[in-house]
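Q: Any chance you could fold what I've pasted below:
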Amino acid sequence: VCRIIVGVFQVTLFKDCIYEDFGFSVSDGLYERGVFINRIRAGGPADLAKPRLRTYDRILQVNDIRTGEFDCCLTVPLIAAAGDCITLTVMRQPPRHSVFPSIATSKATTCEISHHEQNKKVSKPR
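A: This next block holds a predicted model:
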């Protein structure tokens, strides 16, 4: 039995030692502020996590930093600087007619998170 989690939940991911990533990319919201899961790499940490991240989940917090009103420019450096482990607080909307309502809020452009970005120093936004 597969249960779809609806609402707010946390997921902890451990960095893939081969790809040096957490196995997902993000995009900005189009009609509302926020950062959404755009793509999940099959077999990667985000795909294998319990509970599993899904496309269109909205990232509300990265570790101890609230990101609900952030865009990719502020959120991607936090993810890249997280080290080998990251805890995400995400919000999932219930499906409507087999389509997530946040589909319309996700931009086509994505922000890829690579191991090259993790070498940049990041200060916490205030």
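Q: Any stretches of the protein with poor pLDDT?
A: 1-5, 95-126 (pLDDT under 70).
Q: all helices for the chain, in order.
A: 45-48, 72-80 (DSSP state H).
Q: Export those as CSV, with columns for mean neighbour count and distance to residue 60.
A: C-beta here means a position set from N, CA and C on the backbone, and glycine is covered the same way. Listed next are the helices of the chain as CSV, based on neighbours: other CB atoms under 10 Å; distance: least, CB to CB, whole Å:
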stretch, mean neighbour count, distance to residue 60
helix 45-48, 19, 16
helix 72-80, 19, 11
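Q: Make JSON lines from those and add distance to residue 16 to it.
A: As requested, the helices of the chain are exported to JSON lines (distance: least, CB to CB, whole Å):
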{"stretch": "helix 45-48", "distance to residue 16": "5"}
{"stretch": "helix 72-80", "distance to residue 16": "13"}
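Q: Quick one: closest of these to residue 28.
A: helix 72-80 (5.1 Å; CB to CB).
Q: Which neighbouring elements make contact with that closest one?
A: Applying 3 or more CB pairs under 8 Å, 6 or more residues apart in numbering; DSSP states H and E, we find helix 72-80 packed against strand 24-28, strand 58-62.
Q: so who does the residue nearest the centre of the chain touch?
A: Centroid check for the chain by CA atoms, centre = their mean gives residue 37 as the closest residue, at 4.5 Å. Counting by CB atoms under 8 Å, 6 or more residues apart in numbering, residue 37 makes contact with 24, 25, 26, 46, 53, 54, 55, 56, 57, 58, 59, 90.
Q: Out of those, grab the one that's most surrounded.
A: residue 57 (27 neighbours; other CB atoms under 10 Å).
Q: okay but it is in contact with residue 49, surely?
A: No. The pair residue 57 / residue 49 is not scored as a contact, 11.3 Å apart, by CB atoms under 8 Å.
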